[in-house]
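1. When you get a sec, could you give me coordinates for this:
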Amino acid sequence: MRQNVMTHRLSNREKVLLLVLVLVLLVGLYFYVVHYPITNRLDEIELERDDLLVSQAVADTRLQTYNDMKAELEEIFAMPEDEITVMPAYSNRETLLLYFDKIFAGTSQVLNFDDERETDGIVERTVRFSFNADSYAKARQVLTDLTVGSGYRCLLDSLTVSPVEGNIEAGALRISGTITFYEYKAG
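-> Got it, this is the predicted structure:
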């Protein structure tokens, strides 16, 4: 006689095995439905947080640069107008030559242009100069016009003043030096 499957009574061993199988399925279902999705989402959130922290650091750096530039501009605009300098566009050589002719008028000048150097779009044009001046006042006026009076960004690197005859306080002077003018080179 055959027993009906539906009316079959499970033994204790079969019940335990079925219970273990259900527990394994529930644990697997928990990991598949709850644990792994939450862990993956937490990892994604951590990556997003790291990206936001990097973006914030970049923004903070840009803000600091902006504030530094703004403070520098405010400092420049607070200066007397005759002390404000500009950085002309490259190549400013012809304009400088015309300016030198005006500055050194009445003196016997010698000008030598060194090779230009470019760093990050800024061209350094170094000029070695020497001239004779009739007096200390004339020499001072020429040097003031050369540096401050040009209105261009420049740096007087070296300067030598010596008397042609006698002492430095009276009589003609021999002046030589090096000055670097800065120009902006786009692209």
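
2. what about the residue most central in space within the chain, which helix or strand?
-> Ranked by distance to the mean C-alpha position of the chain (CA atoms, centre = their mean), the top residue is Thr65 at 8.1 Å. Secondary-structure element containing Thr65, defined by DSSP states H and E: helix 36-78.

3. from the chain's centre, how far out does that helix sit?
-> Offset of helix 36-78 from its chain centre (CA atoms, centre = their mean, to the nearest Å): 16 Å.

4. can you start the count at 52 instead of 1 from here on
-> Okay, residue one is now 52; in that scheme the one you just asked about reads as helix 87-129.

5. can you list the weak-confidence ranges in the chain?
-> Across the chain, the stretches falling below the confidence threshold (pLDDT under 70) are 52-56, 132-140, 238.

6. redo that, cut-off 50
-> When the per-residue scores of the chain are filtered using pLDDT under 50, the ranges that remain are 52.

7. Do I have it right that Tyr203 meets Arg144?
-> No: contact status for Tyr203 versus Arg144: not in contact, 11.8 Å apart, counting by CB atoms under 8 Å. For every residue, glycine as well, the C-beta is placed using N, CA and C.

8. Which one of those two is surrounded by more residues?
-> When neighbours are counted by other CB atoms under 10 Å, Tyr203 comes out ahead of the other of Tyr203 and Arg144, with 18 against 14.

9. Any idea what that one is bridged to?
-> When bridges are assigned using DSSP bridges, the partners listed for Tyr203 are Val137.
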